[in-house]
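Fold the following for me, if possible:
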Amino acid sequence: MAKAKTPARALNRRGSPEAIEKRRVARMFNDVLGGGAVGPKLDGRTAKRRQRLLRELEQNQAHGERELKPLDVLQRVQELLELGEPLSNIKKVRKLPRPMAASAATVELIQRLHHAYAFRRETYRFVGISDEVLVDAGVIPGEGKRPPRRRRAA
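This is a model prediction of the structure:
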């Protein structure tokens, strides 16, 4: 007696390329228009890196061993900004030092540093470099080099 053929099962369309693309587009659409998530979501490794960078800035120590140098601070703040960390959160962790007085040599050094590293202008505040110095150094577009300020006689 011949076995009756069972009808072929319908293929599962859940794994089809069209279904996968529909799910991806739907997630992106919900993220963009849903208003729930602000900025890109970080994967686990990136989130841990962000936490480590914030902790190092707060403790002023790299890997818990050595003190952060000013260039280390600039690099960590720059990386946190690139990861989408708000400037206000970084300011909560690392207090801004008083702006330093800048000589002509300092201005030239900041020009060279910015040319080599291209740090964002917000990062320089975390090492005590004011916006006036950045304007003099040409980091912030403006009037270009300005003569040094003169104090009024009191």
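
residues of the lengthiest helix in the chain that come out buried?
Ranked by residue count under DSSP state H, the longest helix found in the chain is helix 17-34. The neighbour-count check on helix 17-34 (16 or more other C-beta atoms under 10 Å) flags nothing as buried. In short, each C-beta sits where N, CA and C put it, glycine included.

Now do the buried residues in the following helix or strand past that helix.
Using DSSP states H and E, the helix or strand that follows helix 17-34 in sequence is helix 44-59. Using 16+ other C-beta under 10 Å as the test for burial, helix 44-59 gives 50, 53, 54, 56, 57.

again, but for stretch 85-94
Buried, per 16+ other C-beta under 10 Å, within stretch 85-94: 85, 90, 93, 94.

can you list the weak-confidence ranges in this protein?
Within the chain, the ranges that satisfy pLDDT under 70 run 1-14, 35-42, 143-154.

Now do the strands in this protein.
61-62, 66-67 (DSSP state E).

Which one of these lies nearest to residue 141?
When the strands of the chain are compared by C-beta to C-beta, strand 61-62 sits nearest residue 141, at 32.8 Å.

what packs against the closest one?
Helices and strands touching strand 61-62, by 3 or more C-beta pairs under 8 Å, 6 or more residues apart in numbering; DSSP states H and E: there are none.

what's around residue 99, how many residues?
Close neighbours of residue 99, defined as other C-beta atoms under 10 Å, add up to 15.

scratch that, residue 108 is what I was asking about
Neighbourhood size, residue 108 [other C-beta under 10 Å]: 13.
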